[in-house]
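Trainee: Attaching a predicted model along with its sequence, questions to come.
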Amino acid sequence: MRVHFIAIGGSAMHNLAIALTKKGFQVSGSDDVLFEPSISRLAKYGLLPENNGWYPEKLTSDLDAVILGMHARADNPELLRAQELGLKIYSYPEYIYEQSKNKLRVVIGGSHGKTTITSMILHALKTAGKDFDYLVGAQLEGFDTMVQLSDAPVIVIEGDEYLSSPVDRRPKFHLYKGHVGVISGIAWDHINVFPTFDNYIEQFDLFIQTIQSGGTIYYADNDEVLKQMIAKNQSVAVNKQPYSLPQFEVNNGVTTIIHENERYALQVFGDHNLLNMEAARSVCSQLDIDSAAFYSSMQTFKGAARRLELLGKNEHTNVYKDFAHSPSKLKATIHAVKAQFPTRRLIACIELHTFSSLDKNFLSEYAGCMDEADQAVVFIDARTFEQKKLQPYSESDVKEAFKRSDLIFYNEPELLKQSLEQENTTNANVLLMSSGNFGGINLSELANDILNIK
């Protein structure tokens, strides 16, 4: 099979390219801009384009498939050439389905927790010695790539609700046609694509309709919006099963699950992670892993990259980074750290980076979401508004939106870095949250600097 990738450097795209190469496919690709780790990973497998840019001459009639990344535009010269030649063009979710039509498909959806739930399932399957394929949105410890395609009978897919490609405006998770699905929760996001909350909710209702007849959808029982949507959903051929928090306790900063008189000490914590774990346990019950085996495997689960990832600690301070960026994720992550360490102050810093968070019309959705933090810090790289071609808003707008007058605001990374380095963190934790990169700050070095302050 000969496959060409347009925009091969994307996170999912380059991992799919590597997975197909490992499967024996002949893979080529192009991109106009490439970043690490894509550059090194593509180079390792001989897939790094010789030059950046688009080269229509790479598109030839003997290609079996062209895979189009979201980064490419509808007028991309390689795409136009592929259309001219009448080649079969797929978005990457379409191609994942194409490669898994004969497998049992598990699709993890929801506004938050998708990567963690998927990671927990993969960890449990690997611990149990099961044969499986996967697509996950983060690099996981013990897994070479974020995508694997083989002859395994099962595939576990993290199902994103964002658009599939520049020419396919369907949400990705509508294309996988799962036999087992999860919805972890619904909290408005991607307002540049889904301009109203009702329009956003509708995508999850449609997702349930993609679950195959006789299949099962598991959903978080604590989410009122989700419960109302489930109650109204007309898909009678799908079994809808709620999940909720397990029995647990927290002692000395360690969370322990209690199940059938057995105790399982975890390395992760927080109500949101325990709910994620119950979603994963529910799925694993359909993959021949019982609850005792599942919880036992969770004792060695360290979490997905950038999901409450511990950057460093000393006797009186922990420093975490987290992917939280939407209001619901921000609130849940702050609550988790505060509940785990109730006697420590919490210094919480969020970088507003996404299209939604930088839209002034959406900003009020953040009201009250940092209330549990003892010190709330918001950072926006001053260059981000310009890069995303959005109208900037002011520090006073941020304070008003978050409903917190004592909120500290920075728009220059160096000023943020200096402030955190000088902070007195005795008996305090620091939580750094972003889907971006804090203006290029090296967070590992920053954590070391913070932990050296007494």
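Mentor: Okay, I see it.
Trainee: For the host helix or strand of Lys240, which residues meet the burial criterion?
Mentor: If you go by DSSP states H and E, Lys240 is part of strand 239-243. Residues 240, 242-243 are the ones in strand 239-243 that count as buried (16 or more other Cβ atoms under 10 Å). For glycine as for every other residue, the C-beta is placed from the backbone atoms N, C-alpha and C.
Trainee: Could you do stretch 422-429 as well?
Mentor: Quick answer for stretch 422-429 (16+ other Cβ under 10 Å): 423, 425, 428-429.
Trainee: which two from those end up farthest apart in space?
Mentor: Comparing all pairs in the buried residues of stretch 422-429 by Cβ to Cβ, the longest separation belongs to Glu423 and Asn429, at 11.3 Å.
Trainee: Any chance you could list residues touching both of those two?
Mentor: By the contact definition Cβ atoms under 8 Å, 6 or more residues apart in numbering, Glu423 and Asn429 are jointly contacted by Ile347.
Trainee: Rebuild the buried residues of strand 239-243 as a markdown table, extending it with pLDDT.
Mentor: Listed next are these as a markdown table, based on pLDDT from 0 to 100:
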| residue | pLDDT |
| --- | --- |
| Lys240 | 97 |
| Pro242 | 98 |
| Tyr243 | 98 |
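Trainee: now, among those, which is nearest to Asn199?
Mentor: In terms of Cβ to Cβ, no member of these lies closer to Asn199 than Lys240, at 22.0 Å.
Trainee: was I right about Ser296 contacting Tyr264?
Mentor: Yes - using Cβ atoms under 8 Å, Ser296 makes contact with Tyr264 at a distance of 6.5 Å.
Trainee: Can you list the low-confidence ranges for this protein?
Mentor: The model of the chain has pLDDT under 70 over residues 453-454.
Trainee: Grab the most central residue of it for me.
Mentor: Thr115 (4.7 Å; Cα atoms, centre = their mean).
Trainee: can you give me the strands in the stretch 301-450 of the chain?
Mentor: Secondary structure of the stretch 301-450 of the chain (DSSP state E, counting those that start in this stretch): strands at 309-313, 318-322, 345-351, 375-379, 408-410, 428-433.
Trainee: Contact partners for Ala187?
Mentor: Contacts here follow Cβ under 8 Å, 6+ apart; on that basis Ala187 touches 111-112, 225, 326-329.
Trainee: that's a strand at the residue nearest to the centre of the chain, yeah?
Mentor: No - read with DSSP: H, G, I helix; E, B strand; the rest coil, Thr115 is helix and lies in no strand.
Trainee: my guess is it contacts Gln139, does it?
Mentor: No - the criterion here is Cβ under 8 Å, and Thr115 misses it with Gln139 at 10.4 Å.
Trainee: Need the nearest residue in space to Lys321, chain neighbours excluded.
Mentor: Excluding the flanking residues, the one nearest Lys321 by Cβ to Cβ, 6 or more residues apart in numbering is Leu432, at 4.7 Å.
Trainee: Tell me the bridge partners for that neighbour.
Mentor: Taking DSSP bridges as the rule, Leu432 bridges to Lys321, Cys349.
Trainee: wait, doesn't Val225 sit right on Ile201?
Mentor: Yes - taking Cβ under 8 Å as the definition, Val225 is a contact partner of Ile201 at 6.7 Å.
Trainee: Stretch 331-350: end-to-end distance?
Mentor: End-to-end span of stretch 331-350 (Cα to Cα, to the nearest Å): 11 Å.
Trainee: Pull out the buried positions in that stretch.
Mentor: The neighbour-count check on stretch 331-350 (16+ other Cβ under 10 Å) flags 331-338, 340-341, 344-350 as buried.
Trainee: what does stretch 295-304 give?
Mentor: So for stretch 295-304, counting by 16+ other Cβ under 10 Å, buried means 295-298, 301-304.
Trainee: how far does it stretch from start to finish?
Mentor: The first and last residues of stretch 295-304 sit 17 Å apart, counting by Cα to Cα.
Trainee: Quick one: residues in contact with it.
Mentor: With contact meaning Cβ under 8 Å, 6+ apart, stretch 295-304 is reached by 115-116, 119-120, 123-124, 127-128, 136, 138, 140-141, 257, 259, 262, 264-268, 273, 277, 281, 289, 309.
Trainee: Can I get stretch 132-146 in PDB, CA atoms only?
Mentor: What follows is stretch 132-146, C-alpha atoms only, in PDB (Å, rounded to 0.1, in the frame of the first residue of the first chain):
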ATOM      1  CA  PHE A 132      -4.900  -4.400  21.000                       C
ATOM      2  CA  ASP A 133      -4.500  -1.400  18.700                       C
ATOM      3  CA  TYR A 134      -5.000   2.200  19.800                       C
ATOM      4  CA  LEU A 135      -5.100   5.900  19.000                       C
ATOM      5  CA  VAL A 136      -4.400   8.200  22.000                       C
ATOM      6  CA  GLY A 137      -3.800  12.000  22.200                       C
ATOM      7  CA  ALA A 138      -0.600  11.900  24.300                       C
ATOM      8  CA  GLN A 139       2.700  10.100  24.400                       C
ATOM      9  CA  LEU A 140       2.400   7.400  27.000                       C
ATOM     10  CA  GLU A 141       5.200   5.800  29.100                       C
ATOM     11  CA  GLY A 142       5.800   2.300  27.700                       C
ATOM     12  CA  PHE A 143       4.300   3.000  24.300                       C
ATOM     13  CA  ASP A 144       6.500   3.900  21.300                       C
ATOM     14  CA  THR A 145       3.800   5.800  19.300                       C
ATOM     15  CA  MET A 146       0.400   7.400  19.900                       C
END
